[in-house]
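A predicted structure for the sequence below; I have some questions about it.
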Amino acid sequence: MPEDRWAVVDRFVGATIAADDDVLRHAVERCEAAGMPSIQVSPPQGKLLALLVGSIGARTVLEFGTLGGYSSIWIGRALPADGSLITLEADPGHAEVARENIAEAGLSDLVDLRVGPALETLPVLESEGAGPFDLVFIDADKVNTPEYFAWSLDRTRPGGLIVADNVVRGGTLAEADSDDPTIEAQRRLHEWLAGEGRISATTIQTVGVKGHDGFTLGLVAG
Ligand code: SAH
Ligand code: DHB
Ligand code: MG
């Protein structure tokens, strides 16, 4: 099926069962006006995150990569009123736009946005005793996905979920001889997960408005 059909189907799903709304659309518009990359999850993927949050009754979520807060809003809306979402963003400009979008969604009390490279913020969270988390969504710089995953696995409760976005990268995940560090990182993630008894995971390829990619979903044992 040609790629434009994938996008058409994605838009149909997004216009029916996985619909966004004015707040989410305005969040994307604010990102576009600020010149930010249009790499937020699609509406069907946002809905999947919300369903995963609901399916395990998640109350505490950690997100790597806020961008303009689009996925944060999907996740935040699925949490109970006393839930919490810690979201990590390296770019102060992105974080500023995200704060506005999260405020417009009425989720400022629930969302704790931390600005800085995630690898620098994680020790801070550690010192604060953050977690354990019910669900982690990893969607920041792709080269560090394995590090974020390993840190999260140590701090996600049994029965919790870890989701990593953009692991298939147009199919390049299968290229053993790739010298692209972002692809090498996704391969390393898979090889590590294969031997990690504390979590059971799979990777699902996706097509849609963002082309060919995929995500890894893991269920923490126990
Ligand atoms: N989850 C968002 C999209 C995130 S795009 C959504 O679906 O709406 C990836 C984001 O990760 C970008 O905003 C980028 O600035 C941020 N990022 C890149 N490197 C990072 C790092 N080292 N730590 C935290 N965030 C980072
Ligand atoms: C990129 C990042 C994303 O989070 C995404 O969903 C798509 C692409 C990127 O850095 O290229
Ligand atoms: Mg992504």
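It's in. Numbers count the residues shown, from 1 in each chain. Ligands and ions are numbered 1, 2, ... in the order given.

and the residue of the chain at minimum distance from ligand 3, what is it in contact with?
Going by C-beta to the ion, ligand 3 is nearest to Asp165 of the chain, at 3.6 Å. All C-beta spots, glycine's among them, are computed from the backbone N, C-alpha and C. Asp165 is in contact with 41, 45, 65, 137-139, 213, 215, counting by C-beta atoms under 8 Å, 6 or more residues apart in numbering.

could you redo the last one with a cut-off of 10 Å?
Asp165 makes contact with 39, 41, 45, 49, 64-65, 71, 137-140, 142, 145, 206, 210, 213-216, according to C-beta atoms under 10 Å, 6 or more residues apart in numbering.

State the pLDDT value of it.
On pLDDT, Asp165 comes in at 98.

can you pull up the bridge partners for it?
Here Asp165 sits in beta bridges with Phe215, going by DSSP bridges.

all helices in the chain, in order from the N-terminus.
In order along the chain, the chain carries the following helices (DSSP state H): 3-15, 22-33, 43-55, 70-78, 92-104, 118-128, 145-153, 181-194.

Give the closest residue to Glu63 in space, chain neighbours not counted.
Nearest in space to Glu63, with sequence neighbours left out and distances taken as C-beta to C-beta, 6 or more residues apart in numbering, is Thr87 at 4.1 Å.

re earlier: how close does the residue of the chain closest to ligand 3 sit to Gly83?
Distance of Asp165 to Gly83, computed by C-beta to C-beta, to the nearest Å: 21 Å.

Pretty sure Gly57 sits against Pro80.
Yes: counting by C-beta atoms under 10 Å, Pro80 is a contact partner of Gly57 at 8.2 Å.

contacting residues for the residue nearest to Val9 when sequence neighbours are not counted?
With C-beta to C-beta, 6+ apart as the criterion, Val9 has its nearest non-adjacent residue at 7.3 Å, and that residue is Gly208. Under the criterion of C-beta under 10 Å, 6+ apart, the contact list for Gly208 reads 3, 6-11, 13-14, 41-45.

Could you rerun that using 6 Å?
When contacts are counted by C-beta atoms under 6 Å, 6 or more residues apart in numbering, Gly208 is found next to 6, 10, 42.

Save these as a markdown table, and put in distance to ligand 3, neighbour count and pLDDT too.
Supplementary listing: the contacts of Gly208 in a markdown table, determined by distance: C-beta to the ion, whole Å; neighbours: other C-beta atoms under 10 Å; pLDDT from 0 to 100:
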| residue | distance to ligand 3 | neighbour count | pLDDT |
| --- | --- | --- | --- |
| Trp6 | 16 | 17 | 94 |
| Asp10 | 15 | 20 | 95 |
| Ser42 | 10 | 20 | 97 |
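
burial count for the residue nearest to Leu189 when sequence neighbours are not counted?
Distance criterion C-beta to C-beta, 6+ apart; nearest residue to Leu189, sequence neighbours excluded, is Pro146 at 4.5 Å. With neighbours defined by other C-beta atoms under 10 Å, the count for Pro146 comes to 21.

still on that earlier bit, the residue nearest to Glu63 against Val61, yeah?
No: the pair Thr87 and Val61 fails to qualify as a contact (C-beta atoms under 6 Å) at a distance of 8.4 Å.
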